[in-house]
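**Q** predicted model and sequence follow; I will ask about them next.
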Amino acid sequence: MCNPILQAKILNKEKTDLNVVIGLCVGHDTLFNKYSKALTTTLITKNRVLGHNPVAALYQTKAYYSKLLK
C-alpha cells in the first residue's frame, strides 16, 4: 500500500505518538510527514541507485564490501 496520506490518516486515527518511516520513496515520506499528526522520523528511504531496495548496501557490508576493506 504505497499511499502515504492514507497511511498517515490511519496512524492518526490510532493516535500514535511517534511514527518511524521505513521504505517509502523520497517525496512519499514528505507527504507522510505533512499529514501525520504525530512526530515522524525517516529511518530508511527508497532510492533508484539501489533498485528500490533501501537496505541493499547494509546487506552487502559483510560480503562484497568486506573484501574491499581488506
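**A** Okay, I see it. Numbers count the residues shown, from 1 in each chain.
**Q** starting at the chain centroid, how far to stretch 25-34?
**A** Centroid separation for stretch 25-34 versus its chain: 9 Å, with CA atoms, centre = their mean, to the nearest Å.
**Q** what's it in contact with?
**A** 2, 4-5, 7-8, 19, 21, 24, 40, 42, 45-47, 52 (CB atoms under 8 Å, 6 or more residues apart in numbering). For the C-beta atoms, the positions are set from N, CA and C on the backbone; glycine is no exception.
**Q** what comes up buried for it?
**A** Using 16 or more other CB atoms under 10 Å as the test for burial, stretch 25-34 gives 25, 28-29, 31-33.
**Q** could you do stretch 35-42 as well?
**A** 36, 40, 42.
**Q** before we move on, back to that, restricted to strands, list the buried residues of stretch 25-34.
**A** Of those, the ones assigned to strands by DSSP state E are residue 25.
**Q** any idea how far stretch 5-14 is from the chain center?
**A** 16 Å.
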